[in-house]
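J.: Following is a predicted model, sequence given first.
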Protein chains: 2
Amino acid sequence: MFIIGELINGMYKQVGKAIAEKNKKVIQDLARKQVEAGASALDVNCGPLSKNPVSDMQWLVETIQESVDVSLSLDSTKAEVIEAGLKLAKKKAVINSTTADQEKLEKLIGMAKQYKTYLIGLSLDKKGVPQDKDRRIELAATIAAAAQDDGFPVEDLFLDPVVLPVNVAQSQGINVIEAIREFKLLASPPPRAIVGLSNVSQGTCERNLINRIFLIMSVGAGLDAAILDPLDKELMNSLITAELILNKQIYCDSFLNAYRKK
Amino acid sequence: MFIIGELINGMYKQVGKAIAEKNKKVIQDLARKQVEAGASALDVNCGPLSKNPVSDMQWLVETIQESVDVSLSLDSTKAEVIEAGLKLAKKKAVINSTTADQEKLEKLIGMAKQYKTYLIGLSLDKKGVPQDKDRRIELAATIAAAAQDDGFPVEDLFLDPVVLPVNVAQSQGINVIEAIREFKLLASPPPRAIVGLSNVSQGTCERNLINRIFLIMSVGAGLDAAILDPLDKELMNSLITAELILNKQIYCDSFLNAYRKK
């Protein structure tokens, strides 16, 4: 499972403040803690209040890379902010993200090829988030086809069915889970499936429980990657156990600790 | 979700002792607690040490029915022990269980028809427990076909893919989960899928965690029923949340309590 830690995001008050004040310690602590907890990569998002997202992205990438040596997921709706991060990234980066809109898709696939990155493609377009499974698959297929046509390696493509909060779009949970299963059939080798997990519990009570159960059901459907909070220990224990049950980790009595040490 | 409480089983020391001493209080407390925690039915098993399983089954059924008003799952490898319970059961009972062996299958389908019960059919025969998914489906199909041929209502049939401990048969977990998904395709209306959950964690550390994650993945694959410990509160919370995500329970902030009260 490819785990992208979500915590370095300017929408969190403490992180937004650290970015504004160029407080390296806050960012580097968050980077280290997430990697120690099992993150394979770290999401980097300047947040909605950044006045200068290009230079904030540059500062974040440099600051994070001083403390940890993992892939960075450059998270912005603006291609120039992503590219500013790509130019500095030392390891194979993740572009987070493109939509299925033709113009954006062409630009970001081109960028992903140029910088040899992973690419996250969201099942949405200018018309908004799909309200059923079939539209999710249609938009994902558009992205997968564009990637193939453009010679981008499909195994570096992560398709995201777009998770919605269970308290406002309850019927969409099962559509997302079923879409994950069907994404794998869109190309050969299969593209990978990813979710931005925490959105499922936005505004609910029992956030951690809902995150955990949604993640496990998604992993059962074939999920390959998730953007999540790796400091949620119960969540990570659940994920390790799910991989155990799917025979991706060998059982030993101390499997939780054994996996963490890897 | 049809939840069968597993705790009234003579293999548990305290229950075996209560059966031997005809101690009603122990049995009735266990019955009440399981029903209060959300069990739709209670499994009744005299245990391996019972010297007179027919009369022990009769005593258990009468004792339990004095305290709670739910279906009973009459659990024995001996048809005459099951029938002794069926004769006394006040609500629609569950026969637990038949295998795919022809002789046993005929006898227990006949009994299920005569007493108008649910029937659990295990994906195993004299050759033992299957070591892959296809054999599980083949044996389940044998059971479903026999039920249909004999005019037994398929919606009253629960097919059990036979869960094995993750520490000794790790590769079987995913076979069981995939078998659950395919069981639903064996007949129309679809037969229901059930698991005896606790076996997955037999002999492991982290039993509750493994039970929980295996259950959630199975529910995601279409599981309809489980024999489990309803007093495991985290397990029940996980199950409620899984049904929420699958849109089978309406979200409200207090969904955990709201579901319990139903």
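T.: It's in. The model shown is predicted, which means the values in this text are computed figures rather than measured ones. Numbers count the residues shown, from 1 in each chain, chains lettered A, B, ... in the order given.
J.: residues in the stretch 51-200 of chain A within reach of chain B, list them.
T.: Contact residues (Cβ under 8 Å from any Cβ of the partner chain) of the stretch 51-200 of chain A with chain B: A:166, A:167, A:170, A:171, A:173, A:174, A:177, A:200. Where you see a C-beta, it was placed from the backbone N, CA and C, and this is true even at glycine.
J.: which pair in these spans the largest distance?
T.: Greatest spacing in those, by Cβ to Cβ: A:167 and A:177 (17.2 Å).
J.: center of chain A - which residue?
T.: Residue closest to the average C-alpha location in chain A (Cα atoms, centre = their mean): residue A:227, at 3.7 Å.
J.: pLDDT wise, what is that one at?
T.: Residue A:227 is assigned 98 on the pLDDT scale.
J.: Quick check: bridge partners of the nearest residue to residue A:2 once chain neighbours are set aside?
T.: Leaving aside its chain neighbours, residue A:2 sits nearest to residue A:225 (3.8 Å; criterion: Cβ to Cβ, 6 or more residues apart in numbering or on different chains). Assessed by DSSP bridges, residue A:225 has beta-bridge partners residue A:2, residue A:194.
J.: what about residue A:225, how many neighbours?
T.: 22 (other Cβ atoms under 10 Å in any protein chain shown).
J.: so what's it up against?
T.: Residues near residue A:225 by Cβ atoms under 8 Å, 6 or more residues apart in numbering or on different chains: A:1, A:2, A:3, A:4, A:158, A:192, A:193, A:194.
J.: got the CA coordinates for stretch A:52-68 in PDB?
T.: C-alpha atoms of stretch A:52-68 as PDB (Å, rounded to 0.1, in the frame of the first residue of the first chain):
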ATOM      1  CA  ASN A  52       2.400  33.300  -2.900                       C
ATOM      2  CA  PRO A  53       1.800  29.600  -3.500                       C
ATOM      3  CA  VAL A  54       4.700  29.200  -5.900                       C
ATOM      4  CA  SER A  55       7.300  30.400  -3.400                       C
ATOM      5  CA  ASP A  56       5.500  28.700  -0.500                       C
ATOM      6  CA  MET A  57       5.600  25.400  -2.400                       C
ATOM      7  CA  GLN A  58       9.300  25.900  -3.100                       C
ATOM      8  CA  TRP A  59      10.000  26.600   0.600                       C
ATOM      9  CA  LEU A  60       7.900  23.600   1.700                       C
ATOM     10  CA  VAL A  61       9.700  21.200  -0.600                       C
ATOM     11  CA  GLU A  62      13.100  22.400   0.400                       C
ATOM     12  CA  THR A  63      12.200  22.400   4.100                       C
ATOM     13  CA  ILE A  64      10.700  18.800   4.000                       C
ATOM     14  CA  GLN A  65      13.600  17.400   2.000                       C
ATOM     15  CA  GLU A  66      16.000  18.700   4.700                       C
ATOM     16  CA  SER A  67      14.400  16.300   7.100                       C
ATOM     17  CA  VAL A  68      13.100  13.200   5.300                       C
END
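J.: Rounded mean pLDDT for it, please.
T.: What stretch A:52-68 shows for mean pLDDT is 98.
J.: and what of stretch A:152-166?
T.: 96.
J.: How about that stretch, which residues are buried there?
T.: Residues A:152, A:154, A:156-166 are the ones in stretch A:152-166 that count as buried (16 or more other Cβ atoms under 10 Å in any protein chain shown).
J.: cool, stretch A:49-61 as well?
T.: A:50, A:53, A:54, A:56, A:57, A:58, A:59, A:60, A:61.
J.: which residues touch it?
T.: Residues outside stretch A:49-61 that contact it (Cβ under 8 Å, 6+ apart): A:8, A:10, A:16, A:19-20, A:22, A:27, A:44, A:46, A:72, A:74, A:76, A:78, A:80-82, A:84-85, A:88-89.
J.: Which of those fall in strands?
T.: Among the contacts of stretch A:49-61, DSSP state E puts A:44, A:72, A:74 in strands.
J.: By neighbour count, sort out the buried ones in those residues.
T.: Buried subset of the ones in strands among the contacts of stretch A:49-61 (neighbour count, 16+ other Cβ under 10 Å): A:44, A:72, A:74.
J.: one step back: secondary structure and distance to residue A:108 added to the buried residues of stretch A:152-166, as CSV?
T.: Converted to CSV, these look like this (DSSP: H, G, I helix; E, B strand; the rest coil; distance: Cβ to Cβ, whole Å):
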residue, secondary structure, distance to residue A:108
A:152, coil, 10
A:154, helix, 15
A:156, helix, 12
A:157, strand, 11
A:158, strand, 12
A:159, strand, 14
A:160, strand, 13
A:161, coil, 18
A:162, coil, 16
A:163, coil, 21
A:164, coil, 23
A:165, coil, 26
A:166, coil, 29
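J.: out of the residues you listed, who's nearest residue A:187?
T.: Set against residue A:187, the nearest of these by Cβ to Cβ is residue A:154 (4.7 Å).
J.: ok, and the closest non-adjacent residue to residue A:174?
T.: Distance criterion Cβ to Cβ, 6+ apart; nearest residue to residue A:174, sequence neighbours excluded, is residue B:246 at 5.4 Å.
J.: Just the pLDDT at the one you found, thanks.
T.: 94.
J.: What count of nearby residues applies to it?
T.: 19.
J.: what's the answer for residue A:134, then?
T.: For residue A:134, the neighbour count with other Cβ under 10 Å is 12.
J.: Roughly how far does residue A:180 sit from chain B?
T.: Distance of residue A:180 to chain B, computed by Cβ to the nearest Cβ, to the nearest Å: 10 Å.
J.: show me what contacts that residue?
T.: Taking Cβ under 8 Å, 6+ apart, one finds A:161, A:193, A:195, A:218, A:221, A:222, A:223 in contact with residue A:180.
J.: redo that, cut-off 10 Å
T.: Shown in contact with residue A:180 (Cβ atoms under 10 Å, 6 or more residues apart in numbering or on different chains): A:133, A:136, A:140, A:159-161, A:193-195, A:217-224.
J.: For chain A, which segments are assigned as strands?
T.: Ranges of strands in chain A, per DSSP E, are A:2-5, A:41-44, A:71-75, A:94-98, A:118-122, A:157-160, A:192-196, A:225-228.
J.: which one of the buried residues of stretch A:152-166 sits closest to chain B?
T.: Closest approach to chain B among these (Cβ to the nearest Cβ): residue A:166, at 5.7 Å.
J.: pretty sure that closest one is touching residue A:204, no?
T.: Yes - taking Cβ atoms under 10 Å as the definition, residue A:166 is a contact partner of residue A:204 at 6.2 Å.
J.: which residues do these two both contact?
T.: Common contacts of residue A:166 and residue A:204 (Cβ under 10 Å, 6+ apart): A:210, B:244, B:251, B:255.
J.: Which residues are in contact with residue A:48?
T.: Contacts for residue A:48 (Cβ under 10 Å, 6+ apart) come out as A:9, A:10, A:11, A:16.
J.: Make a markdown table out of those residues and add distance to residue B:233.
T.: Formatted as a markdown table, the contacts of residue A:48 follow (distance: Cβ to Cβ, whole Å):
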| residue | distance to residue B:233 |
| --- | --- |
| A:9 | 33 |
| A:10 | 38 |
| A:11 | 34 |
| A:16 | 38 |
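J.: Show me which of those are buried.
T.: A:9, A:10, A:16.
J.: In space, what's closest to the last one - neighbours in sequence excluded?
T.: Nearest-residue entry for residue A:16: residue A:10, 4.3 Å, with adjacent residues in sequence omitted and distances by Cβ to Cβ, 6+ apart.
J.: contacting residues around the one you found?
T.: Neighbouring residues of residue A:10 by Cβ under 10 Å, 6+ apart: A:16-20, A:44-50, A:53, A:56, A:60, A:75.
J.: so what's residue A:250 closest to, chain neighbours aside?
T.: residue B:170 (7.2 Å).
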